[in-house]
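> sequence plus the predicted model coming up.
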Amino acid sequence: HPHSTLCLPFLPGEDVGAHHRGIQPVGDVDPLHGIESGQLALEVVRLPSLAVASVEGAQRGMAYHTDHGLDHLVIGLFDQTQDIFQGPHATRYCVVRNNGWERRQIPVDRYYLIMKYELMHRETQVAVLSVDDNDGQIRDVINVSDPAHMPVGTMVKNKFLDPGRLKTWWIDRSIPASRSGIREILERLGVSSPMSLLTESMGLSLSDQYWIRPMGADIEWIEINFFDNTFSEDLGELMIGHNIHKEELNFSSPDITSNGNLRKRWKIIDGKRVLLKGGTRPICQEPVNESISSLIAKSLNIPCVNYSIAWIDGYPYSVCEDFIDKDSDFVSAHWILMTSKEKNNSLYNQYVGCCKDRGIDIVPFLDRMITMDYLVANGDRHTNNFGLVCEAESLEWIGPAPIFDSGSSLGFDLPPEDMVLESCFECKPFDHDPEKQLGMVKDFSWIDFDALNTAIEQAYDILEGSRLIDQKRREAVISLLRKRADRVERLHDKG
C-alpha cells in the first residue's frame, strides 16, 4: 500500500525512474485512486523519513498525496517528465529522460518536501511531526506520544496540544531574521530563511535537550548531542563575519538554534561550551555591560552567569559558559507564562503563580532580578531571557535560571549627555517605567551597599579596558550607576 505520494508533471508516453543515490526501486504499482486520466503512478521507491511530497503550483493546479506512513513514496506523474528526490542531506536536482539520463538543477522554490520527524526529548519520543524540508516549518503534528515531555506551554491544561503554540516554539528555536549579518550569510548559503537550517542540525541546542530525528533513522541522542560531542564551527565563523573557503559547509552546529539579534557563536574552549556575543558597532558597549553586570551581581550574591571579554578582529565579545548541561532544560518565562491560569492578573502575579504551581517561591529571585536591572538600567529583560531550569529526565523543577543577557543596559544606545535623563530609560518585563517596576520589590534587606559601591568603582576599570568607549561615555556610565545605587539605598532606608 502506498504511504505517500509525490505529484509531478508528466508527458504521456515518457518514462522516468528513481535516479538518486540511496533510493532504490522496489516494484511497480497500479494507478492510484485520485490520479486522473493521463497520470500514472509509475513506481514505488524506498526513502526513509520521507512522509509526504508535493509540488506547488502543479500544472492545472492538481496535486495528490496521502499521508499514512513513512517508508515508501509513490511517484505520480503529470505534464512533464520531471522527478525530484531529497534525503535528509541530499542535493535537490531534476532528472529528465531524453535519450538517456540527464541531470540538471531546478529552482528550489518550485517544490516542497514534507518530511516525517520524531520530536525527541533526549531519548524520549514526544511527538511525530511533518516538517517542510525547504523552509523548516512544522506543517502538521501527526500524533503526541508523551504529553508530559512536550515543550512547556504547548499543551493546554496539560491535556491537549495547541499546534499553533508548538509551531511558534519551533520558530523561536531558529536564528531570528533580524540577526546582524544573517541576510548575507543566507545569500551565501542559498537558503531563504534561517528556519530552513533547523533540520540540518536536527534542531539540537545547548539550551535544552529537544531535537528532531528523521522517522526511521537509527540515530541516538548520546551520539549527536552538543553537550557530549563536538560540533562544526563553520556557521559560527560566518556568524562573526569570517570568510570560510570550503566547498561544502558542515551545519551540525548549535549556532542554528541560538536566538538574539547580535552577532554570536558557540565554541568549545578547554572542553567547555562557551558563547561569544558581540555588540552594536561602532561602540560595542553591550559586551562590556555584560561584564559589569555580572560583577555587580556577584558583589550582591545574585545568581548570575559570569561574563568576561575577548577581542576578535578589533571588537569586544562577551564570553560566558553555558549554564545548562546535558541533564537540564532552560524554559523561558514566556513559555512558563503560557501555562498561567490567571490571565486577568498582572504579568508579575501570573509569573509568581506559575512558579508556585511548580513548587518554586520566585519572589526573592524577582526582587534581585528587578533590583539588578534597575541598577544597570537594563531595558531589555523580555520574557525570553529569564526563566526556570528543569531536570530533563524527571521533569522536576530545579529553580530560577541565573541572570544572563544584561548587555542592553547602561545607556548603550544613548549619547552620554542623555544618560542623565530618566525619560530616556524604559524597562521590561513587568512595567515600562523603571521606578514602577522597582516598586514591585518586596525586600531590599539583602543588599550590601558597601560591596555594591566597590563594584561600581571596579566597573570603571572594565570600561577603561575598551578602546572603543571614550572618557565622556565612561564617566556617564559610572554616574548613572551611582545615581541608581543611591536611589535603591534610599528605598532600603525607608524600610
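That came through, no problem.
> tell me where the protein has helices.
If DSSP state H is used as the criterion, the helices of the chain fall at 163-172, 182-189, 221-224, 234-239, 286-299, 333-337, 347-357, 363-375, 434-438, 449-464, 471-494.
> ok, E464 touching R474?
Yes - proximity of E464 to R474 meets the contact threshold set by C-beta atoms under 8 Å, at 6.5 Å. C-beta here means a position set from N, CA and C on the backbone, and glycine is covered the same way.
> got the helices of the chain as a markdown table, with mean pLDDT columns?
Rendered in a markdown table, the data for those read as follows (pLDDT from 0 to 100):
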| stretch | mean pLDDT |
| --- | --- |
| helix 163-172 | 96 |
| helix 182-189 | 87 |
| helix 221-224 | 96 |
| helix 234-239 | 94 |
| helix 286-299 | 98 |
| helix 333-337 | 98 |
| helix 347-357 | 97 |
| helix 363-375 | 98 |
| helix 434-438 | 98 |
| helix 449-464 | 98 |
| helix 471-494 | 97 |
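> relative to C320, which of those helices is closest?
Judged by C-beta to C-beta, the one of these that comes nearest to C320 is helix 286-299, at 7.4 Å.
> picking that back up, E464 and R474: who's more crowded?
In this view E464 and R474 are compared by other C-beta atoms under 10 Å, and R474 has more residues nearby, 18 against 12.
> quick one: contacts for the nearest residue to that one once chain neighbours are set aside?
Leaving aside its sequence neighbours, R474 sits nearest to L463 (C-beta to C-beta, 6 or more residues apart in numbering; 4.3 Å). The contact partners of L463, taken as C-beta atoms under 8 Å, 6 or more residues apart in numbering, are V288, I292, I469, R473, R474, V477, I478.
> which residue ranges form the strands in the stretch 51-200 of the chain?
Under the criterion DSSP state E, counting those that start in this stretch, strands of the stretch 51-200 of the chain are mapped to 72-77, 83-84, 94-97, 101-104, 111-121, 124-132, 138-144, 155-156, 160-161.
> for the record, mean pLDDT for the second one?
By that I understand strand 83-84. Here strand 83-84 scores 36 as its mean pLDDT.
> put together CSV for the contacts of L463, with distance to G190 on each row.
Written out in CSV, the entries for these read as follows (distance: C-beta to C-beta, whole Å):
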residue, distance to G190
V288, 36
I292, 41
I469, 39
R473, 41
R474, 44
V477, 43
I478, 48
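> where does the stretch 201-350 of the chain have low pLDDT?
Residues of the stretch 201-350 of the chain that meet the criterion pLDDT under 70 are absent altogether.
> the same query, at a cut-off of 80, please.
Low-confidence segments of the stretch 201-350 of the chain, defined by pLDDT under 80, are located at 247.
> leaving out sequence neighbours, find the closest residue to S180.
Sequence neighbours aside, R263 is the residue nearest to S180 in space, at 5.1 Å (criterion: C-beta to C-beta, 6+ apart).
> including distance to T280, could the helices of the chain go into JSON lines?
Output for these, formatted as JSON lines (distance: least, C-beta to C-beta, whole Å):
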{"stretch": "helix 163-172", "distance to T280": "22"}
{"stretch": "helix 182-189", "distance to T280": "15"}
{"stretch": "helix 221-224", "distance to T280": "35"}
{"stretch": "helix 234-239", "distance to T280": "15"}
{"stretch": "helix 286-299", "distance to T280": "6"}
{"stretch": "helix 333-337", "distance to T280": "24"}
{"stretch": "helix 347-357", "distance to T280": "28"}
{"stretch": "helix 363-375", "distance to T280": "19"}
{"stretch": "helix 434-438", "distance to T280": "21"}
{"stretch": "helix 449-464", "distance to T280": "16"}
{"stretch": "helix 471-494", "distance to T280": "13"}
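> no more questions from me, cheers.
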